[in-house]
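Q: have a look at this prediction, sequence included:
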Amino acid sequence: MDNLRRFETINDYNVFNNNETLHPLVSVVDLSKADRRQGSRMYFGFYTIFLKDVKCGDLMYGRHTYDYQEGTLVFLAPGQVAGVNSNGETYQPKGYALVFHPDLVHGTSLGRLIQDYTFFGYQSNEALHLSNRERKIVLDCFEKIKYELEHAIDKHSRRLIVSNIELFLNYCIRFYERQFITRDNVHKGILERFENLLNEYFETDKPQTIGLPSVAYCANELNLSSSYFGDLVKKETGKTAQEYIQTRVIDEAKERIFDHSKSVSEIAYELGFKYPQHFIRLFKQWVGQSPNEFRSSLN
C-alpha cells in the first residue's frame with residue numbers, strides 16, 4: 001500500500017482497467033474488465049465516483065481505513081488519494097467508476113454548481129449506501145452516459161453527457177437526504193457529542209490558546225469531514241455549523257456578561273476573540289444590542 005499510482009488523465013485510468021477511451025474527458029469504467037491485482041494507493045486528477053459491487057478489501061482514504069461495503073458510492077474530488085487494502089492478496093475488481101475531468105464541465109451549469117455537491121468532500125466512512133432501487137437508478141444514469149460516449153460525437157454530445165452527470169449527482173443529493181433521515185438516531189448522537197464538545201471547549205483555556213471553535217476543528221474532533229459535518233448540522237438544525245457555533249458563543253457570552261467584574265474586552269478574550277470589536281459586532285448582530293447595552297438592560 002506504500003506505492004502510489006497516479007492517474008492524471010482519463011486515459012491513464014482506462015488503460016489501467018483495460019477499458020477503451022471513448023472520450024478524453026469522461027468515462028464509465030467497467031472495473032470487471034481490469035486484471036486481477038493487489039491493493040494500492042491511487043491519486044486521481046479528476047472527479048471519480050466508485051460504485052462497488054463486491055467485497056474486495058478495505059478502502060483506504062488518505063491514511064485511514066474504512067469498510068467499503070457492497071452497493072456503496074464513494075465520491076472523490078480531483079487531487080484526492082484513495083485505494084484498496086487487500087492485505088497483500090490478489091483480487092478481481094468489480095463494479096463501475098464514473099470519472100470526468102474538470103475541463104468537461106467548465107462553462108456549463110454543472111461547472112458553476114459543482115462546488116454545491118459537497119459529498120465530493122466527504123470521507124469514505126461517510127459514503128452513500130444505496131438501496132436496490134437507488135442502485136438501479138445509478139446504473140441507469142451510467143448507462144445513459146455510456147450510450148452518449150458510444151454514440152458518434154456531434155454538437156449535442158457534450159451537453160447531453162454533462163446533463164446526465166448532473167442528473168446523476170442530483171439523484172445522489174436526494175439519496176443522501178434519505179440517508180440522513182434513515183440514520184437519524186446516529187446523527188442525533190453526533191449532535192449531542194457536538195454540543196458536549198462545545199461545552200467542554202469553553203470550560204477549558206482552549207479559547208484563549210486556540211481561539212474560537214471552528215467548523216473544521218469540531219468536525220475533526222468528531223471524526224467527520226467538514227463537508228459532511230456541515231451538511232448534517234444543517235439537515236438536523238436548520239442552521240449552518242458556523243451559525244450553530246456562533247449561537248453557542250453568544251449563549252456563553254450572555255452568561256459571562258452577568259459578571260460585572262469583567263469588562264467586555266476581558267469576556268471577548270475569554271471566548272477566543274482576538275479583537276473586542278469583532279465580539280461586539282457579532283453580539284450585536286445576534287442580539288440586536290451591544291454587550292454593554294445588554295448588560296445595562298439586565299440591571
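A: Received the coordinates, thanks.

Q: which neighbouring elements make contact with the helix or strand where residue 12 lies?
A: Taking DSSP states H and E as the criterion, residue 12 maps to helix 10-16. Helix 10-16 sits against strand 4-7, strand 26-30, strand 95-100, with contacts defined as 3 or more CB pairs under 8 Å, 6 or more residues apart in numbering; DSSP states H and E. C-beta here means a position set from N, CA and C on the backbone, and glycine is covered the same way.

Q: worst mean pLDDT among those?
A: For the helices and strands packed on helix 10-16, mean pLDDT drops lowest on strand 4-7, to a mean of 88.

Q: list the buried residues of the longest helix anywhere in the chain.
A: Longest helix in the chain by number of residues (criterion: DSSP state H): helix 157-182. By neighbour count on 16 or more other CB atoms under 10 Å, the buried set for helix 157-182 is 158, 161-169, 172, 175-176, 179-180.

Q: farthest-separated two in these?
A: The distance between the two most remote of these (CB to CB) is 33.0 Å, for 158 and 180.

Q: low-confidence regions, the protein specifically.
A: Along the chain, segments meeting pLDDT under 70 span 1-2, 53-70, 85-86, 123-125, 182-188, 298-299.

Q: can you show me the strands along it?
A: Along the chain, counting by DSSP state E, strands occupy 4-7, 26-30, 41-44, 47-52, 58-61, 64-66, 72-76, 80-85, 95-100, 128-129.

Q: what would those strands look like in CSV with distance to residue 267 and mean neighbour count?
A: Formatted as CSV, the strands of the chain follow (distance: least, CB to CB, whole Å; neighbours: other CB atoms under 10 Å):
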stretch, distance to residue 267, mean neighbour count
strand 4-7, 49, 14
strand 26-30, 55, 23
strand 41-44, 47, 19
strand 47-52, 46, 23
strand 58-61, 41, 21
strand 64-66, 39, 15
strand 72-76, 42, 22
strand 80-85, 42, 19
strand 95-100, 51, 22
strand 128-129, 44, 18
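
Q: export stretch 147-165 as CSV, just CAs?
A: Extracted in CSV, the C-alpha atoms of stretch 147-165 (Å, rounded to 0.1, in the frame of the first residue of the first chain):
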residue,chain,number,x,y,z
TYR,A,147,-24.7,5.5,-24.6
GLU,A,148,-23.6,9.1,-25.4
LEU,A,149,-20.0,8.1,-25.3
GLU,A,150,-20.6,5.2,-27.7
HIS,A,151,-22.7,7.5,-30.0
ALA,A,152,-20.9,9.3,-32.8
ILE,A,153,-19.8,12.7,-31.4
ASP,A,154,-22.0,15.5,-32.6
LYS,A,155,-22.9,19.0,-31.4
HIS,A,156,-25.2,17.6,-28.8
SER,A,157,-22.8,15.1,-27.2
ARG,A,158,-21.1,17.3,-24.6
ARG,A,159,-24.3,18.9,-23.4
LEU,A,160,-26.1,15.5,-23.1
ILE,A,161,-23.2,13.9,-21.3
VAL,A,162,-22.8,16.8,-18.8
SER,A,163,-26.6,16.9,-18.3
ASN,A,164,-26.7,13.2,-17.5
ILE,A,165,-23.8,13.6,-15.0
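
Q: which residues touch it?
A: Identification of contacts with stretch 147-165 by CB atoms under 8 Å, 6 or more residues apart in numbering yields 22-23, 26-28, 98, 100, 104-105, 108, 110, 141, 144-145.

Q: the nearest residue to residue 249 once chain neighbours are set aside: what's it in contact with?
A: Spatially, and ignoring its direct neighbours in sequence, residue 249 is nearest to residue 271 (6.0 Å; CB to CB, 6 or more residues apart in numbering). Neighbouring residues of residue 271 by CB under 8 Å, 6+ apart: 202, 207, 212, 249, 252, 253, 256, 279.

Q: what's the distance between residue 271 and residue 256?
A: Distance, residue 271 to residue 256, using CB to CB, to the nearest Å: 8 Å.
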